[in-house]
Structure formats: structure tokens, C-alpha cells
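[1] Kindly return the folded structure for what I paste below:
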Amino acid sequence: MWHIEDIPNEDRLYFRVHKTFVVEGELKPKIFQERGDDDSRSMSMDWDQYSSPIICIRRARIPNDDGAISFMVGELRNITLNVKHAPLEDNRSHTDVNGLPNDLKDVELRLKMLNLFEWEIRIGL
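    Predicted structure coming up:
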């Protein structure tokens with residue numbers, strides 16, 4: 001198993017985007033959802049130290065249906081999200097990001113995330 005490491009604010013995290021969350025070329029805020037059990041809800045992202053946008057997409061069931069976006073770690077922390085390296089046996093880059101409200105109608109933080117991301121690989125390209 002991999003050791004948990006501190007992720008610097010200057011590093012980037014990659015997040016896989018399925019085509020169903022893009023409408024008329026625009027990413028929808030509901031893409032940002034924490035998944036998992038109540039005790040371990042988070043968004044799963046890949047740390048750029050051990051991953052790339054291509055590697056992130058290749059983890060999808062149908063990679064051609066996905067794109068990849070990225071965030072600066074420090075910017076996520078600045079909007080009160082928690083970022084923690086959580087390596088998995090088969091994914092050293094795995095990182096948990098949490099702090100979003102469970103209610104998808106509560107969009108304030110999700111809209112902030114929409115202002116922070118950059119496309120790495122657009123869907124369909």
C-alpha cells in the first residue's frame with residue numbers, strides 16, 4: 001500500500017467528467033457530488049504527482065464518454081473544501097475531496113467550483 005502524502009497547494013487534481021454532465025458545451029454544477037457511505041463521502045480525484053488527464057480518463061468504464069478537468073489544490077482549499085491524499089492499491093494518485101453539502105439544490109459551492117476548473121481533455125475530442 002502507498003503512504004499518504006501531503007498535497008501542496010500548487011499541485012493540480014484531475015477529475016473525470018462524463019458526457020451526461022455537459023449540456024451545450026457547458027459543465028453543469030450537479031457534476032460535483034460526493035459519493036460513498038455517510039462516513040466516507042467524497043469526490044474522487046487524481047493527484048497530478050502520480051497521474052495525468054489521460055490516465056484519469058482511462059479508469060472510466062467507457063473512456064470515450066469522458067473528459068477531464070483539473071483544479072488547483074489551493075483554490076479548492078480556499079473555498080473550504082478538504083483535500084486529502086487517499087491512495088488505493090491500484091491508484092497511487094487517488095485523492096478525496098469533500099465538504100460539499102449533500103443537497104444538490106445547494107449550489108453555492110458547486111458554482112464556485114465551476115469558476116475554478118480548467119478543461120484538460122474536452123469530451124469528444
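[2] got the contact list for the helix or strand where residue 44 lies?
    Residue 44 belongs to strand 43-47 when assigned by DSSP states H and E. If you take C-beta atoms under 8 Å, 6 or more residues apart in numbering as the criterion, strand 43-47 is touched by 7, 11, 13-15, 32-35, 55-56, 71, 85, 91, 93-98, 100. Where C-beta positions appear, they are placed from N, C-alpha and C, glycine not excepted.
[3] do the same with stretch 15-26
    Residues outside stretch 15-26 that contact it (C-beta under 8 Å, 6+ apart) are 27-28, 30-31, 43, 45-46, 56-57, 59-60, 65-71, 117, 123-124.
[4] Show the model's pLDDT score for residue 124.
    Predicted confidence (pLDDT) at residue 124: the value is 66.
[5] Who does the most centrally placed residue in the chain form a beta bridge with?
    Nearest residue to the geometric centre of the chain (C-alpha atoms, centre = their mean): residue 15, 3.3 Å. Taking DSSP bridges as the rule, residue 15 bridges to residue 69.
[6] Now do the strands in the chain.
    Along the chain, the stretches classed as strands by DSSP state E are 12-18, 22-23, 26-27, 43-47, 66-72, 82-85, 94-98, 118-121.
[7] list the contacts for the residue lying closest to residue 110 once chain neighbours are set aside?
    In space, and not counting its chain neighbours, residue 110 is closest to residue 29: 3.7 Å by C-beta to C-beta, 6 or more residues apart in numbering. Counting by C-beta under 8 Å, 6+ apart, residue 29 makes contact with 107, 110-111, 113-114.
[8] mind listing which of these are in helices?
    Mapping the contacts of residue 29 onto helices (DSSP state H) picks out 110-111, 113-114.
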